[in-house]
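Visitor: let me see the structure of the following:
(chains A, B, C and D)
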Number of protein chains: 4
Amino acid sequence: MNNIIGVIGAGEASEEDCNVAGLIGEEIARQKCTLLCGAMGGVMEAACRGAKSLNGTTIGILPGTSKTEGNPFIDYPIVTGMGHGRNIIVVGSSDAIIAIGGSYGTLTEIAFALRLKIPIIGMNTWDVSPDIKKAQTPEMAVNLAIKLANSNS
Amino acid sequence: MNNIIGVIGAGEASEEDCNVAGLIGEEIARQKCTLLCGAMGGVMEAACRGAKSLNGTTIGILPGTSKTEGNPFIDYPIVTGMGHGRNIIVVGSSDAIIAIGGSYGTLTEIAFALRLKIPIIGMNTWDVSPDIKKAQTPEMAVNLAIKLANSNS
Amino acid sequence: MNNIIGVIGAGEASEEDCNVAGLIGEEIARQKCTLLCGAMGGVMEAACRGAKSLNGTTIGILPGTSKTEGNPFIDYPIVTGMGHGRNIIVVGSSDAIIAIGGSYGTLTEIAFALRLKIPIIGMNTWDVSPDIKKAQTPEMAVNLAIKLANSNS
Amino acid sequence: MNNIIGVIGAGEASEEDCNVAGLIGEEIARQKCTLLCGAMGGVMEAACRGAKSLNGTTIGILPGTSKTEGNPFIDYPIVTGMGHGRNIIVVGSSDAIIAIGGSYGTLTEIAFALRLKIPIIGMNTWDVSPDIKKAQTPEMAVNLAIKLANSNS
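Guide: The predicted model follows:
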């Protein structure tokens, strides 16, 4: 299988962050990777919408107990019932992660990625470690994620 | 999307249970549903192998922290790091469940399915409730799972 | 420290099961053990009330995200936010378990106890294994729980 | 009951951080609060040792599946089997948190505290938000934790 790329960011996000997320979702689909995220709105929904617009595949790790709470662009909803506790599953299931903007919830995921040594690329997000790689464009972010995922496995 | 059918059973299972699981995996693929399971060996591996032999799609909810621990027929490995605690995610993410044989781990999943009112079909498994529906053949089990999933949603 | 005895049973329980749970809670306190449970009503609340009436110590493993949802007889509320997923923590944290009555949620806990080889005593509950020991009275149930906990460790 | 004060920090920590943790554990015991932590070594063990030296009460939220893996100063071991996923339980179960030093694992807990609006005091730790309150001494940290816990509830 191709890589699973996690996209993390806020459920309520700026228009700019959502635009970036949409382009990243498109690029993930174009590269035949699978997009995985926390299944909710904002950055997560924008990325899923982007991926589905190019017929990509999306997995959503839901916080609640109902499949219907996820955004409508999820192919495979995984129901955890763990609330924010599902964040570690989002991270651990990704071969590499792209963080876009984000608040404290996103910071938990960035810190889990750093702790678990999952490659992470940041765009306009928390700057807490040199291990968060930078990317200039959505295309470069996805290319770097794939490269790091493959060298990490 | 088509339904996600969960298949549960022991990681170390009898040849007979594995044969049934393989046929159920094939039928899930033939019906264009997605197979979801606990990602390990025995019944889980047999069902995934069956599904992949007909080009089906498989999701594995892994107990540990590494993707490599799952059986080799998993398309989408979800890494929980929760051990047996992942059983509730297997159940909650399924639109309907087919239980084949199984010991105490399978019983936790059957009980979660009954508690969460997820339709469940049993073949040669725990008989703890009339809400566990019976099926005579693998084909009938999958057809019943699809029917119950659709009437439950 | 003395043993942690888990008490499991339904959140909505019969008067008889609650009476038994109350006597078991009292006996756990009398024996200077700690009572651990799922923190909600019914059997759990009755057992905690019994333990506190004799100045015992109680731990509650809460399903939700707020300490206030637990019954008022919990000394140490542990907040999981995992819903029924917390059941495996109730079981794994107990040196021995006493099951009283109970429906499907209790069955998940009984099955986890059997899977994890945690000693379990049943009173008027699911009869799914000879490894569920029987006790005639609350006092005998607690004495047996302590004995099995000590021989298991 | 008195407050539950969470103490977070690395499992392998500097002597200075461990010394601070020990003094904080002592002060938590002196103030008749309960100390809760992730149950492992380093800062966690030092804090528990400090609390027990003054006859305080300690709760440990264990990552693994065995009670024996925790440090020897835990009164009430809670067995999660969730690995780092247990961090959200450490945070959610605390009325206020004191962070001492720490690496990425501690950062996940700080971020969860900020996300869940649990009061947090930092000593020589991640500086990612003005909502992490500063304290000059262990005594001041515990006093501030108690004050914030009471005004938060």
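Visitor: which SS class is residue A:146?
Guide: Local secondary structure at residue A:146 is given as helix here, using DSSP: H, G, I helix; E, B strand; the rest coil.
Visitor: quick one: residues contacting it.
Guide: Under the criterion of C-beta atoms under 8 Å, 6 or more residues apart in numbering or on different chains, the contact list for residue A:146 reads A:3, A:5, A:31, A:33, A:96. (Glycine included, C-beta is placed from N, CA and C.)
Visitor: between which two of those is the distance greatest?
Guide: In those, the most distant members under the criterion C-beta to C-beta are A:31 and A:96, with 11.7 Å between them.
Visitor: tell me if I'm right that residue A:39 and residue A:61 touch.
Guide: Yes. Contact status for residue A:39 versus residue A:61: in contact at 5.9 Å, counting by C-beta atoms under 8 Å.
Visitor: please enumerate the shared neighbours of the two.
Guide: Joint contacts of residue A:39 and residue A:61 (C-beta under 8 Å, 6+ apart) are residue A:78.
Visitor: looking at the two, which has the bigger crowd around it?
Guide: For residue A:39 and residue A:61, the more surrounded residue by other C-beta atoms under 10 Å in any protein chain shown is residue A:61, and the numbers stand at 32 against 29.
Visitor: who does the helix or strand hosting that one touch, helix- and strand-wise?
Guide: Under DSSP states H and E, the secondary-structure element containing residue A:61 is strand A:57-62. If you count contacts as 3 or more C-beta pairs under 8 Å, 6 or more residues apart in numbering or on different chains; DSSP states H and E, strand A:57-62 packs onto strand A:34-37, helix A:42-53, strand A:76-79, strand B:76-79.
Visitor: from the ones you listed, which stretch is densest packed?
Guide: Each of the helices and strands packed on strand A:57-62 was assessed for mean neighbour count using mean count of other C-beta atoms under 10 Å in any protein chain shown. The highest is strand A:34-37, with a mean of 30.
Visitor: averaged pLDDT, that one. What do you get?
Guide: Strand A:34-37 comes out with an average pLDDT of 98.
Visitor: pretty sure residue A:74 sits against residue A:41.
Guide: No. The pair residue A:74 and residue A:41 does not pass the contact test of C-beta under 8 Å, sitting 11.7 Å apart.
Visitor: quick one, which of the two is more surrounded?
Guide: Regarding residue A:74 and residue A:41, a neighbour count based on other C-beta under 10 Å identifies residue A:74 as having more, with 24 against 16.
Visitor: can you tell me the SS state at the more buried one?
Guide: Three states are possible here, and by three-state DSSP the one that applies to residue A:74 is coil.
Visitor: same question for the one 10 residues further on.
Guide: Classification of residue A:84 using three-state DSSP returns helix.
Visitor: how about it, what does it touch?
Guide: By C-beta under 8 Å, 6+ apart, the contact set of residue A:84 is A:63, A:105, A:108, C:81, D:88, D:112, D:115, D:116.
Visitor: I'd like the residues you listed as JSON lines, with pLDDT and distance to residue D:27 appended.
Guide: Formatted as JSON lines, those follow (pLDDT from 0 to 100; distance: C-beta to C-beta, whole Å):
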{"residue": "A:63", "pLDDT": "98", "distance to residue D:27": "36"}
{"residue": "A:105", "pLDDT": "97", "distance to residue D:27": "32"}
{"residue": "A:108", "pLDDT": "98", "distance to residue D:27": "28"}
{"residue": "C:81", "pLDDT": "98", "distance to residue D:27": "29"}
{"residue": "D:88", "pLDDT": "98", "distance to residue D:27": "26"}
{"residue": "D:112", "pLDDT": "98", "distance to residue D:27": "24"}
{"residue": "D:115", "pLDDT": "98", "distance to residue D:27": "27"}
{"residue": "D:116", "pLDDT": "98", "distance to residue D:27": "24"}
